[in-house]
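>>> here's a sequence, model it:
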Amino acid sequence: GFGFSLTTNTTAIIDMGYTASWISFWKFASELSDDTKLWIYNYTVGSDHVYIRDDTNQNVVNSLPNITFYSGFGSGFLGSGFFDAPELHPHIVPEPSTYATAALLLIGLGIHAYRRRRQLAAGKLSPNPAELTTEYTESTEGE
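Numbering: from 1, shown residues only. You can find the predicted model right below:
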């Protein structure tokens, strides 16, 4: 991520582009007014996200009517800003390495079960683990 300061004396435009985009403001230092607006172009509902993290000074709530969303470059009016939730609700998604580790574990368990079944069928292993312990203890006592 990166940070920047947005200062506007007139209308500011943020172009979300044509791929899923997320933009996050830490807070608004002052309110937007009829002379200072924020237009967000190329906003796609459901895949683009705009977050404002801190509104302790109430500047965001007072600025919402002056934040406008468009589906195109200044066309396709979607609506003005709205206040959804005061707190952030993260979605927990495991990293790809977590899935890879789980897959390797399952493969390893499958190989182990396959080998054990083959050894049991060949008569090299006892099906009862307690018998293995007894045999081992008896064979080590005589040494």
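>>> just the pLDDT at residue 66, thanks.
You'll see residue 66 listed with a pLDDT of 82.
>>> I'd say residue 14 and residue 23 touch.
Yes. Contact criterion Cβ atoms under 8 Å: residue 14 and residue 23 qualify, at 6.7 Å. Quick note: C-beta positions are derived from backbone N, CA and C, even for glycine.
>>> between those two, which is the more surrounded one?
Using other Cβ atoms under 10 Å as the criterion, residue 14 and residue 23 rank with residue 14 on top: 16 against 13.
>>> and the strands in this structure?
12-15, 22-27, 38-41, 49-54, 67-70, 77-80 (DSSP state E).
>>> in the longest helix seen in the chain, what's buried?
In the chain, assigned by DSSP state H, the helix with the most residues is helix 96-122. Judged by neighbour count (16 or more other Cβ atoms under 10 Å), helix 96-122 contains no buried residues.
>>> distance between that helix and the chain's centre?
30 Å (Cα atoms, centre = their mean, to the nearest Å).
>>> what average pLDDT does it get?
Averaged over helix 96-122, pLDDT sits at 91.
>>> and it, what does it pack onto?
If you count contacts as 3 or more Cβ pairs under 8 Å, 6 or more residues apart in numbering; DSSP states H and E, helix 96-122 packs onto no helix or strand.
>>> mind listing what's buried in stretch 62-79?
63, 66, 67, 68, 69, 70.
>>> ok, now which ones touch the second one?
Under the criterion of Cβ atoms under 8 Å, 6 or more residues apart in numbering, the contact partners of residue 66 comprise 32, 33, 34, 36, 37, 38, 80, 81.
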